[in-house]
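Enquirer: Kindly return the folded structure for what I paste below:
(chains A, B, C and D)
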Protein chains: 2
Amino acid sequence: MPTIRDVAVRAGVHPSTVSRVFSGKPYISQATRERVLEAAEALGFQPNAIARSLTLQRTNMLAIVVPHVFDGYFDDSFFPQVMRGLLQVAYKYGYRVLVGGSGGHMDEVTQLYDIVGSRQADGVIILSYRLDVDVIGALLEFNIPFVVIGRPDIPAAEVAFVESQDRHYTAEVIRYLIRLGHRRIAFVGGDPDVAVTVERLLGYQTALAEAGIEPLPEWVDYGFFAEDGGYQAVQRMIRLGVRAPTAYYAANDLMALGILRALRERHIPVPEAVSVVGTNGSLAAAHAHPALTTLYVPYAEMTARAASILIRSIQTGEKPREQSQVECQLIIRTSTGPAPTD
Amino acid sequence: MPTIRDVAVRAGVHPSTVSRVFSGKPYISQATRERVLEAAEALGFQPNAIARSLTLQRTNMLAIVVPHVFDGYFDDSFFPQVMRGLLQVAYKYGYRVLVGGSGGHMDEVTQLYDIVGSRQADGVIILSYRLDVDVIGALLEFNIPFVVIGRPDIPAAEVAFVESQDRHYTAEVIRYLIRLGHRRIAFVGGDPDVAVTVERLLGYQTALAEAGIEPLPEWVDYGFFAEDGGYQAVQRMIRLGVRAPTAYYAANDLMALGILRALRERHIPVPEAVSVVGTNGSLAAAHAHPALTTLYVPYAEMTARAASILIRSIQTGEKPREQSQVECQLIIRTSTGPAPTD
DNA sequence: CTTGACATTGCAACCGGTTGCGGTTAGAAT
DNA sequence: ATTCTAACCGCAACCGGTTGCAATGTCAAG
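Expert: Got it, this is the predicted structure:
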């Protein structure tokens, strides 16, 4: 690989001149610019991004770490949506996306710290805000721009986030089910240590409380976003017999599909006997049978917005502070219906 | 951000000693190792990955560029599958994934050259091998390990690839449709400039020729992997009247779903009047109504294998040469059935 | 014909690690 | 007691760009 110095000798100029040509600096005569470009062309020179990053202290990368790399995780629309929003704006502004994997739990945080601490990216998007670690505090120490997807529960901190009002919309979903006459409603959350799960649980509890419903602790379960998690939740709750839920709310569509599968296996008709609501608005949810009622969360838009905020912050040098929220939408399809009359 | 020199002064040693401690070099006494680690801890030091990359000439990154960033592209299972396989093994071996976006066509190649030429990654996976550009030749010049997903049509070149025998399996799909009695079969490809599309087309033509069927040119169309592409293909082919196809093969599930939608709108019963086959084995395909028969291509396994090959090549320093193929599987569901008896 | 402003380019230090080489020292071998 | 070996660590160059500063050249105003 030719370096800037190889080009310099061939063009008969100093390396710094070559640098200036390639970084579009002014005060380079047309003649030498051409000579340099010619030499570069002849040698097949392309500036080394790593070296450039070292001096410029910027990498033109936006990082995320995916919470889990287990097989089913990629079947839900969450991850693809996230990547879509991120890639679209990153691409538009000439940034690239650095994706780190993780095995869930603390490992996600470890990976994040590693990327950020070793300065591999100019900014980060926090996908799943955990409650068991002070990620925000650490990130502020690192002094790197970041935007949280979801609402961090640190009110004083001036951190940027794009949130989807999870508590509110989950409550809306539950209210919708209550209006349909359901009183035994299950909550199948994702990862209990993640803020969004707690928010949704609060929304669930709020809506039930409003309606004067005392939920059974057994109605709350966690499926860790896996299809099988939804399936297993049904297996457990069905044992409650007459106190088994007549409606399930799942924190992603994949778990909801698992719930549908479990119900189908037991020949429990949906929505006649049991209603099911998913989250995210996956394509599979639309095609499911019965078509899955789902709380659409515009994750692509959220990460797109987060990426824009990040890029602006990187370019201005100011800490990102924008806090915004997006609207979700309950897409009512045929997996939900009136509660059965016992 | 503290540097290695800050740590050095605090520990009272030379920077090179700090470096040796952090890169696990031998010949460092226990005492100084501890002093260095203590100092690093106190300062919150973490080695700068960029600087390290510069000297070591390796970034611990595997790159891909996604062929398109348009909205619907992420609804098919292709991209998530690719990311899954890639992330799983990258994660396992301590690599990270650099994702570049592209607007399709030549831009994909431009992005690729940019990443590779600027040495941002240690290896690349070529997702869509194009026929209109000699990507392989260029990549060989760059002297960077790469693995192609699909079979490049350059026989002499010693390039590594993981292929899914697209021609063979597409022919199998068409034969299956022929066995069902279909004789007017449509081919809805993705991007005509991409090798996999041509391979599939050849498979399609082979199978038809075997059966003595002379295909109409109008039966071949390209949907560029978009849902609407499938939808539009039906709109065009339906005009053929009695010569309109009774079966559609689509190169991804998203287009197949678009085909189903178009047929549904026109009240054409599937599979009674028209059969539809998709590709990739998306979750949505399984839940579609009727459930979509689909050619499952194990893209996650393919990219996982590609990533393994890449990493091994990076670590040994040898150019990757492994050429392997995976098995696909025609998942027969209810969107296909006997050809209608006119 | 000066003087000055501005365009153009070279010089050298710097970004933050890595590493070959050489010097010092301690303990073992003779 | 002397020599040898190996452990330990510092020195300085290097990875491949960037940039402030200084030097030189050019042209127009005075």
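Enquirer: what's the spacing between residue A:142 and chain B?
Expert: To chain B, residue A:142 is 8 Å away according to Cβ to the nearest Cβ, to the nearest Å. Yep, even glycine has a C-beta here, placed from its N, CA and C like the rest.
Enquirer: which ones are touching that residue?
Expert: A:113, A:116-117 (Cβ atoms under 8 Å, 6 or more residues apart in numbering or on different chains).
Enquirer: Spell out which residues of the stretch 51-200 of chain A are next to DNA strand C.
Expert: Contact residues (Cβ under 7 Å from any atom of the strand) of the stretch 51-200 of chain A with DNA strand C: A:51, A:54-55, A:57.
Enquirer: would you list every one of the strands in chain A?
Expert: A:61-65, A:96-100, A:123-126, A:146-149, A:160-163, A:185-189, A:220-222, A:247-250, A:275-279, A:293-296, A:323-325, A:329-331 (DSSP state E).
Enquirer: Serialize those to CSV and add fields for mean pLDDT, distance to chain B and mean neighbour count.
Expert: Output for those, formatted as CSV (pLDDT from 0 to 100; distance: least, Cβ to the nearest Cβ, whole Å; neighbours: other Cβ atoms under 10 Å in any protein chain shown):
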stretch, mean pLDDT, distance to chain B, mean neighbour count
strand A:61-65, 95, 8, 26
strand A:96-100, 96, 4, 24
strand A:123-126, 95, 13, 25
strand A:146-149, 94, 16, 26
strand A:160-163, 94, 18, 23
strand A:185-189, 97, 18, 27
strand A:220-222, 97, 22, 19
strand A:247-250, 98, 15, 30
strand A:275-279, 98, 12, 31
strand A:293-296, 98, 12, 26
strand A:323-325, 93, 21, 14
strand A:329-331, 97, 15, 15
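Enquirer: For those strands, give me CSV that also has distance to DNA strand D.
Expert: Supplementary listing: those in CSV, determined by distance: least, Cβ to the nearest atom of the strand, whole Å:
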stretch, distance to DNA strand D
strand A:61-65, 16
strand A:96-100, 17
strand A:123-126, 19
strand A:146-149, 24
strand A:160-163, 26
strand A:185-189, 48
strand A:220-222, 48
strand A:247-250, 50
strand A:275-279, 45
strand A:293-296, 43
strand A:323-325, 32
strand A:329-331, 45
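Enquirer: and residue A:197, which of these is closest to it?
Expert: Residue A:197 lies closest to strand A:185-189 among those, at 4.3 Å (Cβ to Cβ).
Enquirer: So what's the gap between the closest one and the chain middle?
Expert: Its chain's C-alpha centre and that of strand A:185-189 lie 21 Å apart, by Cα atoms, centre = their mean, to the nearest Å.
Enquirer: neighbours around the closest residue in space to residue A:19 that isn't next to it in sequence, how many?
Expert: In this structure, residue A:19 finds its nearest non-sequential neighbour in residue A:4, 5.8 Å apart by Cβ to Cβ, 6 or more residues apart in numbering or on different chains. As a burial measure, residue A:4 scores 21 neighbours (other Cβ atoms under 10 Å in any protein chain shown).
Enquirer: Then residue A:286?
Expert: For residue A:286, using other Cβ under 10 Å, the count is 18.
Enquirer: picking up where we left off before, between the strands of chain A, which gets nearest to residue B:131?
Expert: Across the strands of chain A, residue B:131 has its closest neighbour in strand A:96-100 (25.8 Å, Cβ to Cβ).
Enquirer: send the alpha carbons of that closest one over as CSV?
Expert: In CSV, the C-alpha atoms belonging to strand A:96-100 read as follows (Å, rounded to 0.1, in the frame of the first residue of the first chain):
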residue,chain,number,x,y,z
ARG,A,96,-20.3,4.1,9.0
VAL,A,97,-21.7,1.9,11.6
LEU,A,98,-19.7,-0.1,14.0
VAL,A,99,-21.6,-3.0,15.4
GLY,A,100,-20.5,-4.9,18.4
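Enquirer: Can you check what angle separates that strand from strand B:96-100?
Expert: Strand A:96-100 and strand B:96-100 are oriented at 150 degrees to each other (axes from the mean of the first three to the mean of the last three Cα atoms, to 10 degrees).
Enquirer: what are the pairing partners of strand A:96-100, and which direction each?
Expert: The pairing partners recorded for strand A:96-100 under DSSP bridges are strand A:61-65 (parallel), strand B:96-100 (antiparallel).
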